[in-house]
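Visitor: Quick one, what's the 3D model for this:
(chains A and B)
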2 protein chains.
Amino acid sequence: MTSNVSYTMKKYQERLEQMLPNVFPEELSDDPTVKASLYSLLAGGKRIRPVLMYMFADLLGVDLEIIDDYAVAIEMIHTYSLIHDDLPCMDNDDLRRGKPTCHVANGENFALLAGDCLMNRAYERVLDAVKKHPETIDAAMYFATNAGILGMVGGQSIDLDSEGKKIDTGKLCELHEKKTGALINTSCLVPYLIYAAQKGKNEEVEKRIKRFSAGTGLGFQIKDDLLDVQADESVLGKTVGKDERDEKSTFVTVFGEKNAQKMLDDTYSDVFCALDELQEMGYQVRDLRQLSELLQNRIQ
Amino acid sequence: MTSNVSYTMKKYQERLEQMLPNVFPEELSDDPTVKASLYSLLAGGKRIRPVLMYMFADLLGVDLEIIDDYAVAIEMIHTYSLIHDDLPCMDNDDLRRGKPTCHVANGENFALLAGDCLMNRAYERVLDAVKKHPETIDAAMYFATNAGILGMVGGQSIDLDSEGKKIDTGKLCELHEKKTGALINTSCLVPYLIYAAQKGKNEEVEKRIKRFSAGTGLGFQIKDDLLDVQADESVLGKTVGKDERDEKSTFVTVFGEKNAQKMLDDTYSDVFCALDELQEMGYQVRDLRQLSELLQNRIQ
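Guide: Coordinates of the predicted model:
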């Protein structure tokens, strides 16, 4: 059953992996900041954000070559956020994707700079895309807004601010809608915004994609919080049980494991419902459905 | 003699200062990352980069309203770089513009995030500008390239990598062309690139602006290095004598104070020569000439 989506995911992952080693000019290959950036950028991972971007582009008939720059850029944004998040003054994490974190391997100073380097390079790439395809400007602006203080950075800020505090359900949801959800939204909506610029808006489709992406973002975070208490550290590739130790407000520490599991199931019902509706509208959603099943049941 | 440029500088500084408090949405005013960002962004400073941008726009007849977004964005980029540079894992500085540095006042975690927030917000602003004025895309790309690993971030990387090492003159110049020069270049060239997109290229003008900006960037750094050994800490507003203590390669630690002073004078000869040539071409350079005199002789 999952063999189809595995093939599709592998295709898009490979498409991305071929581009990532070349995000910096050849003449900078000895620069220690470039090395630290590539150390983290090429450390594998599921590449969920670019995969979602390509899948929605495919669903909507958007040229994958237009997506390439945005796919690379979102993986660079995601990677910079992990590098900075792992720093001693933030989560102080030693292990990421089964490898020493960027600052453990490259020093704190170069890790900090690698994060800055990756974020800036992501926007160089986005501006390249806008130069080549001016109609993608709305997608580019959506990308930037969701990566910043109104999106991912804003979520990290709420996260830091809530450490050691009790936060209410509304704040916890806002935290995760921004911290994890914003980049997932970007992945799903960038192809739609390019589609809309090229062929005109379709609000019925937009509504379903937003519903899918909201559920996928929330589900991703609830699952992450569950894995923090359920997973095998050697499989997960990062430290387990940190959330409670760090007095983090997570879906598990706030609602308990059982309730968090129930919320995960409800969230995925919503995701599948959005896909059903897209299917009724004539869109091919098989890959997205199987991907969602994989994400719901992942063990790392 | 300097009263004219003081008036012009004040006019552009005030134009910028009026926009800076509003770079984030009102509803985020209580966010601790926004507070930390504004703490540094509103800490004063000479605003040389935006002032240069406005002066070149004025010289070339480019609408100042098109420049506004880029002026705000470059000050945000400059400010994020100072915040990250001051962090304990980098220069570990406690004092900046006469105030405690961002991490001393707001904590390391929020200072790190404030830097990320400011950089991302700068690109949100740049993309806004491209949306409103699509012809500024080349200026936007130049901006991004100069802020990243091929520019300022690249300079910081060489700087970190050269700590405690002897570096040759070529590397020292590359370091400063990138670390300080790249944003000065951006300030001078963004108005030209917008001018060129609107009215066509003028390579004779471009050459002089590049010569001016190269000299101004280099001169700015040599002067900074001289002030590190010559200035009064209470006037300078930051710690004095740190470069030698930190085993930094600067124009003073590498060439000695006297030679550095000679290099400063030679560099400014070149700056004034570029301005003379622009004047011969019919451009009004009085403000830029007086600004250069101020920069050459500044005490902070």
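Visitor: going forward, measure contacts between C-alpha atoms and count neighbours the same way
Guide: Fine.
Visitor: Which parts of the stretch 1-150 of chain A are strands?
Guide: A:95-96, A:99-100 (DSSP state E, counting those that start in this stretch).
Visitor: Quick check: buried residues in the host helix or strand of A:Ser213?
Guide: Using DSSP states H and E, A:Ser213 sits in helix A:203-230. Neighbour-count burial for helix A:203-230 flags A:205-206, A:208-230 (criterion: 16 or more other Cα atoms under 10 Å in any protein chain shown).
Visitor: Can you check the pLDDT for A:Gly164?
Guide: pLDDT, A:Gly164: 82.
Visitor: Mind checking what secondary structure it has?
Guide: Here A:Gly164 is recorded as coil under DSSP: H, G, I helix; E, B strand; the rest coil.
Visitor: Now do the contacts for it.
Guide: Contacts for A:Gly164 (Cα atoms under 8 Å, 6 or more residues apart in numbering or on different chains) come out as A:246-249.
Visitor: any idea how far A:Asn92 is from it?
Guide: Relative to A:Asn92, A:Gly164 is positioned 16 Å away (criterion: Cα to Cα, to the nearest Å).
Visitor: Please list only the buried members of the contacts of A:Gly164.
Guide: Looks like those have A:248-249 buried, using 16+ other Cα under 10 Å.
Visitor: for A:Arg298, helix, strand, or coil?
Guide: Going by three-state DSSP: A:Arg298 is coil.
Visitor: residues in contact with it?
Guide: Applying Cα under 8 Å, 6+ apart, no residues qualify as near A:Arg298.
Visitor: Recalculate using a threshold of 10 Å.
Guide: By Cα atoms under 10 Å, 6 or more residues apart in numbering or on different chains, the contact set of A:Arg298 is A:220, A:223-224, A:227, A:231, A:236, A:292.
Visitor: Roughly how far does it sit from A:Leu183?
Guide: Relative to A:Leu183, A:Arg298 is positioned 19 Å away (Cα to Cα).
Visitor: A:Ser6 too?
Guide: For A:Ser6, the distance to A:Leu183 - Cα to Cα - is 22 Å.
Visitor: follow-up on the earlier one: for my notes, please list the contacts of A:Arg298 in TSV and give distance to chain B for each entry.
Guide: Putting the contacts of A:Arg298 into TSV (distance: Cα to the nearest Cα, whole Å) gives the following:
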residue	distance to chain B
A:Phe220	23
A:Lys223	25
A:Asp224	22
A:Leu227	25
A:Ala231	28
A:Leu236	26
A:Ser292	30
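Visitor: For B:Ala140, state which of these is nearest.
Guide: A:Phe220 (34.4 Å; Cα to Cα).
Visitor: Just the pLDDT for the closest one.
Guide: 91.
Visitor: what does A:Lys223 give?
Guide: A:Lys223 is given a pLDDT of 93.
Visitor: That one and A:Gln300 touch, don't they?
Guide: Yes - using Cα atoms under 10 Å, A:Lys223 makes contact with A:Gln300 at a distance of 9.3 Å.
Visitor: Identify the contacts common to those two.
Guide: By Cα under 10 Å, 6+ apart, the residues touching both A:Lys223 and A:Gln300 are A:Gln230.
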